[in-house]
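Asker: after the sequence you'll find the predicted model.
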Amino acid sequence: MTDLTGLRLSYTRAELRRESLNPDPLAQFRAWLDEALRGGLREPYALSLATADAAGRPSVRTVLLRGAEGGGLTFYTNYDSHKGRDLEANPQAELLFHWAEHERQVRAYGTVERLSGEESAAYFHSRPRESQLAALVSDPQSAPVENRETLEAKLDALHTRFPDGTTVPKPDFWGGYRVRVQEWEFWQGRANRMHDRFRYAREGGGWRVERLMP
């Protein structure tokens with residue numbers, strides 16, 4: 001294996017100052033996300049979602065952000081998946097966005113709630129048809145499957161059941177979640193590991209902002 005101990009970068013692209021921060025962390029996040037989108041970063045809306053089950057066993061995976069408004073961040077998944085079962089038992093999560101090209105990272109922690117059936121159905125029917133069918137194939141998500149051919153056979157059967165021009169119904173086991181963020185952290189890489197880090201924490205009806213040691 002290649003020796004990794006000597007591999008490192010010195011981050012020199014930008015800095016983050018207290019006076020440049022938006023007092024609203026969601027607005028600050030959206031500004032950074034918009035900058036990443038304009039910069040052509042690959043899937044900057046992809047995030048690492050960390051959950052834990054009732055016993056405290058952690059689990060992390062990548063999902064796609066699908067909304068950032070109303071004080072929360074939203075994503076969609078199968079309610080019967082590993083993450084869905086975790087969130088049913090322990091409805092809190094931490095999200096991590098890492099934009100390497102911009103030498104930035106955002107963490108967001110909060111409690112999690114399901115979106116309404118109307119919100120989930122509206123998003124489901126906005127997806128490409130093949131994605132809608134794939135949601136039906138992947139049930140129960142995260143369960144063992146014998147082989148790829150089993151998946152393909154289920155998809156073929158769904159194409160027969162729902163031919164082009166018919167509506168694919170949103171399954172009851174699929175929908176959205178909103179993370180009600182209680183704590184944010186914005187990280188900007190700096191030279192010599194003297195990084196800029198700022199945390200927003202809920203305080204009454206507003207936010208307390210503090211610089212963190214790198």
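Answerer: Ah, there it is. Numbering: from 1, shown residues only.
Asker: now the end-to-end length of stretch 131-145.
Answerer: 19 Å (C-alpha to C-alpha, to the nearest Å).
Asker: please apply the same query to stretch 133-149.
Answerer: One end of stretch 133-149 sits 16 Å from the other (C-alpha to C-alpha).
Asker: so what's the gap between that stretch and the chain middle?
Answerer: The chain centroid and the centroid of stretch 133-149 are separated by 21 Å under C-alpha atoms, centre = their mean, to the nearest Å.
Asker: outside of that stretch itself, list whatever touches it.
Answerer: With contact meaning C-beta atoms under 8 Å, 6 or more residues apart in numbering, stretch 133-149 is reached by 77-78, 80-82, 84, 124, 151, 154-155, 158-159, 162, 168, 171, 173-174. Heads up, the C-betas are built off the backbone N, CA and C, glycines and all.
Asker: are any of those residues buried, and if so which?
Answerer: 77-78, 80-82, 84, 124, 154, 158, 162, 168, 171, 173-174 (16 or more other C-beta atoms under 10 Å).
Asker: mind putting those residues into JSON lines with distance to residue 141 and secondary structure?
Answerer: Shown next, in JSON lines, are the buried ones among the contacts of stretch 133-149 (distance: C-beta to C-beta, whole Å; DSSP: H, G, I helix; E, B strand; the rest coil):
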{"residue": "77", "distance to residue 141": "7", "secondary structure": "strand"}
{"residue": "78", "distance to residue 141": "4", "secondary structure": "strand"}
{"residue": "80", "distance to residue 141": "6", "secondary structure": "coil"}
{"residue": "81", "distance to residue 141": "4", "secondary structure": "coil"}
{"residue": "82", "distance to residue 141": "8", "secondary structure": "helix"}
{"residue": "84", "distance to residue 141": "8", "secondary structure": "helix"}
{"residue": "124", "distance to residue 141": "15", "secondary structure": "helix"}
{"residue": "154", "distance to residue 141": "13", "secondary structure": "helix"}
{"residue": "158", "distance to residue 141": "15", "secondary structure": "helix"}
{"residue": "162", "distance to residue 141": "19", "secondary structure": "coil"}
{"residue": "168", "distance to residue 141": "17", "secondary structure": "coil"}
{"residue": "171", "distance to residue 141": "11", "secondary structure": "coil"}
{"residue": "173", "distance to residue 141": "8", "secondary structure": "coil"}
{"residue": "174", "distance to residue 141": "9", "secondary structure": "strand"}
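Asker: between those, which is nearest residue 114?
Answerer: residue 84 (9.5 Å; C-beta to C-beta).
Asker: how about the nearest residue to residue 23, chain neighbours excluded?
Answerer: Nearest in space to residue 23, with sequence neighbours left out and distances taken as C-beta to C-beta, 6 or more residues apart in numbering, is residue 207 at 7.0 Å.
Asker: show me the helices in this structure, by range?
Answerer: Remark: helices assigned in the chain by DSSP state H are 25-38, 82-89, 117-124, 129-137, 148-161.
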